[in-house]
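Chemist: whatever this is, show me its structure:
(one chain, ligands or ions: 2)
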Amino acid sequence: MLPVNFRLFKKKLSENRSAFRRFLNKTEKVPPRGIDNLTPVMAREVWQEVDCLSCANCCKKMTPTFTPADLKRISRHFNQTPDEFRKQWLRKDRNNDLINKTEPCQFLNLQNNKCSIYEVRPADCAGFPHLSKRKWTDYAYIHKQNIDYCPATYKMVEKIIARTNG
Ligand code: SF4
Ligand code: SF4
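Modeler: Numbering: from 1, shown residues only. Ligands and ions are numbered 1, 2, ... in the order given. All right, here's what the predicted structure looks like:
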């Protein structure tokens, strides 16, 4: 596993972003044959190549959505009520979802890129970047959002395109 080369990621993204988005738009409607079997295989390859601790860009530039269960679990960790926790750290977005007030995430340790609440982190963080969770057609739009920030998502889409001649 190699450290994420962020400069290279940005360079490749600027070269290929339009083509990757076209592929995602197309396959969201008409998925390549066998893609739902291919994605878990590609996801495993990606995780052998990408070291998230050398990146943490999702924690620096994006925010998780906090569910009521997250709120309960994380506030308990800090001996707070869910309401106290919410007022201290969270705000509502335009969809009424609870998200972080600030970025980078207040729980990211910037010295080592580790999550300081890893054991109780939001479910959204635990599942991120959702490379092969469900059917491709249900998740292509997530990749479309994440590809600008997440080198693992970029690599996943790159591999899928290569394997499906997309
Ligand atoms: S809670 Fe932890 S994993 Fe989630 S964004 Fe914050 S630092 Fe990252
Ligand atoms: S999930 Fe993506 S953005 Fe987050 S640390 Fe890993 S490679 Fe970086």
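Chemist: Asp148 belongs to a helix, doesn't it?
Modeler: No. Assigned with DSSP: H, G, I helix; E, B strand; the rest coil, Asp148 falls outside any helix and is coil.
Chemist: how about it, what does it touch?
Modeler: Neighbour list for Asp148: Leu13, Arg17 [criterion: Cβ atoms under 8 Å, 6 or more residues apart in numbering]. In short, each C-beta sits where N, CA and C put it, glycine included.
Chemist: show the model's pLDDT score for it.
Modeler: We have a pLDDT of 96 for Asp148.
Chemist: same thing with Gly166?
Modeler: Confidence at Gly166, expressed as pLDDT, is 63.
Chemist: point out where the protein drops to low pLDDT.
Modeler: The chain contains residues with pLDDT under 70 at 166.
Chemist: domains in it, by residue range?
Modeler: Listed domain ranges for the chain are 2-28+36-56+129-164, 65-127 (source: automatic domain parsing).
Chemist: name the residues that touch the longest helix along the chain?
Modeler: Determined from DSSP state H, the single longest helix within the chain is helix 6-29. The list of residues contacting helix 6-29 from outside it, by Cβ under 8 Å, 6+ apart, reads 35, 55, 57, 136-137, 140-141, 143-144, 147-148, 151, 154, 157-158, 160-161, 164, 166.
Chemist: got it, and stretch 35-49?
Modeler: 1-2, 27, 131-132, 135-136, 152, 155-156, 159-160, 163-164.
Chemist: one more pass at 10 Å, please.
Modeler: For stretch 35-49, the surrounding residues in contact (Cβ atoms under 10 Å, 6 or more residues apart in numbering) are 1-2, 4, 27, 32, 129-140, 151-160, 162-164, 166.
Chemist: out of the residues you listed, which are inside helices?
Modeler: Assignment to helices by DSSP H places the following of the contacts of stretch 35-49 there: 27, 136-140, 151-160, 162-164.
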